[in-house]
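Student: fold the following, please.
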Amino acid sequence: MEARATVTYVRISPRKVQIVLDLIRNQKVDKAMAILKFTPKAACEYLEKLLKSAIANAENNHNMDVSKLYVAECNVGPGPILKRIRPKDHGRAHRILKRTSHITLVLREQED
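Tutor: Predicted coordinates:
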């Protein structure tokens, strides 16, 4: 039995999200929440909200025990890239890539 939560089209680069996901993978839910709360990264704001959603899904939809939950899987993939242009010298233009992410979080109950 697993509880899943996803968030799509998040306006942050997948590389930045992956750093934080590596910190919380295979951690108990309460420890993962503490890590997200005290890590000074931009991705933590989105991941904390996503983790709360996954916990609510586990509790309400699957009747899982919250105290036994851990982060079983978490991954991030690239979303569509917003392409913008920055004016440069001599009439040139450089392209700016504003990347987006699709993040998935899977919680499972620990077997004793």
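
Student: got any ranges where this protein has weak pLDDT?
Tutor: Applying pLDDT under 70 to the chain flags the ranges 112.

Student: that one: strands as residue ranges?
Tutor: 2-10, 69-78, 82-87, 93-98, 101-109 (DSSP state E).

Student: just checking: what are the partner strands of the last one?
Tutor: With DSSP bridges as the test, strand 101-109 is paired with strand 2-10 (antiparallel), strand 69-78 (antiparallel).

Student: and the residue nearest the centre of the chain, how far from Thr6?
Tutor: Nearest to the mean C-alpha position of the chain, counting by CA atoms, centre = their mean, stands Leu47 at 4.1 Å. With distances taken as CB to CB, to the nearest Å, Leu47 is found 12 Å from Thr6. For glycine as for every other residue, the C-beta is placed from the backbone atoms N, C-alpha and C.

Student: between the two, what contacts are shared?
Tutor: Common neighbours of Leu47 and Thr6, counting by CB atoms under 8 Å, 6 or more residues apart in numbering, are 103, 105.
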